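Participant: Here is my input; please provide its structure:
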Amino acid sequence: MDKIDNAALDAALVRFGVSPTRPDAERRFRVDHTPPDGSRWQDVLATGGEMGVAITAHDWSATPLGPIGCWPQGLRTAVVICLHSRFPILLLWGDELVMLYNDAFRPILGSAERAALGRPAVAVWPEIWDVIGPMLAGVLAGAGATWDEDQRLLLDRNGFTEECYFTFSLSPIIDESGEAGGVFTAITETTGRVVSERRLRLLTTLATALVDVTEPEEVLSRTVKALTGSPSVPFVRLYLAGPDGPRLVAGDEAEPAPGAEARWPLAEVLVDGKLRLLPVDPADDPDRPGVPTVAVVPVPAPGGTAPMAVLVAGLNPRRPVDADYLSFVSLLAGHVGTALAGALAYRAQHRRAETVARDVSDRQRALRQAEALARLAGALSSAQGRPAILDVVTTVAPAVVDAAALRVAIVHPGTTLLEVADRDAPAGPLPVDADQPLARAVRENAVLPLTGDGAETTGLCLPLRYGDGGALGALEVRWTRPVADDEALRNLLDAVAGLCSQALQRAELTGSAQAMADFAARLSVARSTAEAIDVILDAAPTALGAVLPGLAMRDEGRLVRLWYHEVPETLSATFHDLTIDDPRPIVHALRTGERILLRDRADFAARFPGLPDPVGAHGLVTTVALPLFDAQRQPIAGLGFGWWRERPLRESDLALLDTIADLCEQTLERVRLAAAEHNLVTRLAGRLRSSALTTPDGLEIATRYQPAMTGLHLGGDWYDLVRQDDDRLAVVVGDVVGHQVEAAADMAQLRTVLNTLIRLGVPLPELFLRLTELLGVGFLGTCLVVVVDPAGRAAHLVRAGHPHPVLLRAGQDPQAVHTTNALPMGMVDAPMTVTTVPFEPGDLLVAYTDGLVERRGQPYDDGVAALHRALVAVRDEPAEAIADALLRDLPGTDDDRALVVLRHTG
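Facilitator: Sure thing, here's the model as predicted:
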């Protein structure tokens, strides 16, 4: 190549923002990295939610970071990524680990959030520094990223030392020096799940411990043994009701504070059946967070009679005493009550058999029933899922009550059909409003006797109930003979009903959790707003057993567009031409951000007087309209659905509604941001095409650029064609490390500098060395430069870490053109070896980026082999057809793809 014209090189580089210098006698290059104006960065940061505004308003000059305008580029970029993430993100910068974070992270800080911004992490979290301090130090010291799952931390964030669990990763943020300047922390709090699983294990342990107990005192002593040592119940006492008042039967070794036991309202709880909370130490303030507390809990008898015992349970002072905690201790008491009822039933049957003592068969039956009750409890505790529970009830329960036939019916909240299971017949539906005892027992939530011809009791229908007393189903028990509907029989039936109810509630909770997990999984793979809406309309109602879903979103001007799924045309037609001021609930939720819960149509009429009710006219009873918000908490959609039968919306249901709304909001915001960024980077990349205006004689060329399918790795791939003297053509194909707008910007600068160096005649061996001298190590990526000389019938290649090009000669198999191993761009520190291969008429040369061959879960060589097979199939086609075929036959990935196909035409 010709000698370099240094003056021309200087002038060209200045035009592209590159300043040349020459220390000593050797030429060197550098890029002007003057930091942008600080006020512009403040404007950028201020768009990142409430924390973006807080960061821009903070006096950083008083911190080790200094004013925002002086921050390193790596820090500013990390802060922008952090602020615009919906996932909780914490940034720790510098040796003092100064804290910056986004809106999603603020709940993790609790009340400490007011003083955390801009402070060293050790000053904010001294109580856990012995745990996280060494981790952070290791990351800063170059040990690499670390990951911790369900890490237990004792945080003082709400006025008391609280037991919290977190899953988080700590990753280094590399600054301009190439060293770790800070730590990027992605974190999610798993306290709720860890505590819930711990409590569920304790409930299972307790249920297993009580399956074969036939004495009331033994029930209580086994309960204490099962609960002792649990952090969820660090203190336990059990009192059995008796004619002389409550009697202490069992307790662990922990001693209450002096004078505390005398203040426990045991007798009052036995009378009114209401749970009470008291401090362990009478001198403590019960309203102060973190004060050790005991719950005085009634142990109910299944069926709604007066409590049989009192459970005094110490509560973990490092956990808040909330509704979930109280529900948990109530479930503990419920297990104890069910076991007590079984033991009392066994004792009553046993005493009845001894008293009557007319024949041995009665005593044997009582023993069989007690043993069968224990078997039923054990089988139900291990049954997984509703079908398995129904199978246990219909096959094991008849022996407990010595019944000839037993059917069980369950009804999902808000539905109009009962699912009826029978030992001798498959499960089938039964309308809730049917005139049958099973359906009546559910509707009336009451015990119904079944009588024979002589008005004698030959069977009973008794409801299965939720913890709050609402009916979830019913049992129908029939005997071949008249039975005495006495206390012993009712106790036994109540015990069976209690066991069945608890097992079905557990299955319902598990099903709801699985449905929410499936919903979240489907939302996580939605790539567009249309896909997200389709998943929301299909899966969100399924998680709640709801029907007729609709999603309202703003359209042009004041118009509102309604998406719906499986809604009759006669109903959807009433929602045409919606405007933002429409008074109906779904638009009201969109307009005002208010959640609307209508238990029945009377609620609708009272809330919206005079408004037509087409939803009620189509049979819905309970309806819900949920507002969905964007990142700035502005309503962007209204989600509506309902149930065919009145559904009492319990606290657990409201929590599910909140979870569904959160998942929908996060997904809609994610796909909106992804679409906007995808479009931006696609436009940027689309403007950077070949700079060669004509094709040299003897060459047929086809070029392609295809953006990534999801936009996750978009913007870093490029190609360029540079026409040279003597009908030579330089083909450049490159891939920048990174993605999205940053990668597009880096790619543009690299492409421009390489184009300039090639045009100025920099020798091919020195091309990447000069690039390193100009731009340093701030840009990392791979690149291939091929100088094709049709007249000389040769191709000259240098490759910086890039995929090998493919050469296909007439009548031969495709071959990768191997070159001397080379470092990626930004790391080349010496001239490179040029590889020269013959390039004869009819030969085909293909250069590409790795997005063409890399597939997740597939070896790289398999992708290259697929490329070779695709080339063979179209080897005789024109270059344009070959390029189209390769993009068509090699499916798209999560990375963008650049491709150049050259044929020597002679």
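Participant: The closest residue to Leu417 other than its chain neighbours and Asn445, how far apart?
Facilitator: Distance criterion Cβ to Cβ, 6 or more residues apart in numbering; nearest residue to Leu417, sequence neighbours excluded, is Pro429 at 4.3 Å. From N, CA and C alone the C-beta is placed, and that goes for glycine too. Pro429 is 20 Å from Asn445, where distance means Cβ to Cβ, to the nearest Å.
Participant: if we can go back for a sec, give the contact list for the residue nearest to Leu417.
Facilitator: Listed by Cβ atoms under 8 Å, 6 or more residues apart in numbering, the contact partners of Pro429 are Leu417, Leu418, Glu419, Val420.
Participant: So of the residues you listed, which two are at opposite extremes in space?
Facilitator: Leu417 and Val420 (9.2 Å; Cβ to Cβ).
Participant: still on that earlier bit, the contacts of Pro429 into TSV, with extra columns for neighbour count?
Facilitator: Shown next, in TSV, are those (neighbours: other Cβ atoms under 10 Å):
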residue	neighbour count
Leu417	17
Leu418	23
Glu419	18
Val420	23
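Participant: all helices of the stretch 551-700 of the chain, in order?
Facilitator: 569-572, 585-592, 601-607, 614-617, 651-686 (DSSP state H, counting those that start in this stretch).
Participant: ditto for the stretch 301-450 of the chain
Facilitator: 323-356, 360-382, 386-401, 437-444.
Participant: coming back round to it: will you turn the helices of the stretch 551-700 of the chain into a markdown table that also has mean pLDDT and mean neighbour count?
Facilitator: Converted to a markdown table, the helices of the stretch 551-700 of the chain look like this (pLDDT from 0 to 100; neighbours: other Cβ atoms under 10 Å):
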| stretch | mean pLDDT | mean neighbour count |
| --- | --- | --- |
| helix 569-572 | 86 | 12 |
| helix 585-592 | 92 | 22 |
| helix 601-607 | 93 | 15 |
| helix 614-617 | 90 | 17 |
| helix 651-686 | 74 | 18 |
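Participant: So for Ala403, which of those helices sits nearest?
Facilitator: That would be helix 651-686 among the helices of the stretch 551-700 of the chain, by Cβ to Cβ, at 32.6 Å.
Participant: What is the burial count for Gly428?
Facilitator: Neighbour count of Gly428, defined by other Cβ atoms under 10 Å: 11.
Participant: Taking helix 386-401 as reference, get the angle to the longest helix seen in the chain.
Facilitator: In the chain, assigned by DSSP state H, the helix with the most residues is helix 487-524. Angle, helix 487-524 to helix 386-401, by axes from the mean of the first three to the mean of the last three Cα atoms, to 10 degrees: 170 degrees.
Participant: Pull the residues that contact the helix or strand following helix 487-524.
Facilitator: Moving toward the C-terminus from helix 487-524, the next helix or strand (DSSP states H and E) is helix 529-544. Surrounding helix 529-544, the residues in contact under the criterion Cβ under 8 Å, 6+ apart are 414, 512, 515-516, 518-519, 522-523, 526, 546-551, 563-565, 639, 641, 653, 656-657, 660, 664, 667-668, 671-672, 675.
Participant: in helix 529-544, what counts as buried?
Facilitator: Ala532, Ile533, Asp534, Val535, Ile536, Leu537, Ala539, Ala540, Pro541, Ala543, Leu544 (16 or more other Cβ atoms under 10 Å).
Participant: pLDDT and distance to Asp600 for those residues - can I get that in TSV?
Facilitator: Formatted as TSV, those follow (pLDDT from 0 to 100; distance: Cβ to Cβ, whole Å):
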residue	pLDDT	distance to Asp600
Ala532	87	31
Ile533	89	29
Asp534	90	30
Val535	87	29
Ile536	88	25
Leu537	87	24
Ala539	83	26
Ala540	82	22
Pro541	82	19
Ala543	79	22
Leu544	81	17
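Participant: helices or strands next to the longest helix of the chain in the packing?
Facilitator: Helix 487-524 sits against helix 323-356, helix 360-382, helix 386-401, strand 457-465, strand 471-478, helix 529-544, helix 651-686, with contacts defined as 3 or more Cβ pairs under 8 Å, 6 or more residues apart in numbering; DSSP states H and E.
Participant: how far out from the middle of the chain is it?
Facilitator: Helix 487-524 has its C-alpha centroid displaced from the chain centroid by 24 Å (Cα atoms, centre = their mean, to the nearest Å).
Participant: and the angle from that helix to helix 529-544?
Facilitator: Using the same axes, to 10 degrees: helix 487-524 against helix 529-544 is 170 degrees.
Participant: So that it lines up with my notes, have the first residue be 364 from now on.
Facilitator: With the count now opening at 364, the last piece we talked about shows up as helix 850-887.
Participant: tell me which residues of helix 850-887 are tucked away?
Facilitator: Neighbour-count burial for helix 850-887 [16+ other Cβ under 10 Å]: 851-871, 875, 878-879, 882-883, 885-886.
Participant: What of stretch 978-997?
Facilitator: Per 16+ other Cβ under 10 Å, stretch 978-997 contains these buried residues: 978-979, 981, 983-992, 994.
Participant: and the helix or strand hosting Phe547, which strands flank it?
Facilitator: Element membership for Phe547 (DSSP H and E) is strand 543-552. Note on strand 543-552: by DSSP bridges, its sheet partners are strand 452-456 (antiparallel), strand 524-537 (antiparallel).
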